[in-house]
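K.L.:
got a structure for you, letters missing:
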């Protein structure tokens with residue numbers, strides 16, 4: 001993801017800045033703990049399509 005595109009995109013839920021995770025190819029919103037997927041090079045900026053990071057953290061904590 002290029003820096004210019006990343007600087008333009010914001011979380012559709014809270015309008016905060018997003019971080020790009022190279023490993024998972026997702027855009028991360030730290031405020032809402034959501035990860036937006038990037039499919040075929042296109043960010044999917046739909047809350048319904050986002051993965052909850054809180055659920056992932058809870059799963060790791062329970063191990």
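P.N.:
Happy to help now that I have it. Model, not experiment: these values are computed from the prediction.
K.L.:
Stretch 8-23 - what's its average pLDDT?
P.N.:
Taken as a whole, stretch 8-23 has a mean pLDDT of 97.
K.L.:
List the buried residues for it?
P.N.:
Buried residues in stretch 8-23, counting neighbours by 16 or more other CB atoms under 10 Å, are found at 11, 18, 20. (C-beta placed from N, C-alpha, C; glycine too.)
K.L.:
centre of the chain versus stretch 46-54, how much separation?
P.N.:
7 Å (CA atoms, centre = their mean, to the nearest Å).
K.L.:
all helices for this structure, in order.
P.N.:
3-8, 53-61 (DSSP state H).
K.L.:
So which residues of this structure form strands?
P.N.:
19-21, 26-29, 34-39, 42-43, 51-52 (DSSP state E).
K.L.:
any chance of the buried residues of stretch 8-23 in a markdown table, plus distance to residue 30?
P.N.:
What follows is the buried residues of stretch 8-23, written out as a markdown table (distance: CB to CB, whole Å):
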| residue | distance to residue 30 |
| --- | --- |
| 11 | 9 |
| 18 | 9 |
| 20 | 12 |
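K.L.:
between these, which is closest to residue 35?
P.N.:
Nearest to residue 35 among the buried residues of stretch 8-23 is residue 18, at 9.5 Å by CB to CB.
K.L.:
Could you give the bridge partners of the closest residue in space to that closest one that isn't next to it in sequence?
P.N.:
The shortest distance from residue 18 to any non-neighbouring residue, by CB to CB, 6 or more residues apart in numbering, is to residue 27 (4.3 Å). Counting by DSSP bridges, residue 27 is bridged to residue 20, residue 36.
K.L.:
Contacts only, for residue 27.
P.N.:
1, 6, 9, 18-21, 35-36, 38, 43, 45 (CB atoms under 8 Å, 6 or more residues apart in numbering).
K.L.:
go with 6 Å
P.N.:
Counting by CB atoms under 6 Å, 6 or more residues apart in numbering, residue 27 touches 18, 20, 36, 43.
K.L.:
which among those residues gets closest to residue 54?
P.N.:
Nearest member of the contacts of residue 27 to residue 54, counting by CB to CB, is residue 36, at 14.7 Å.
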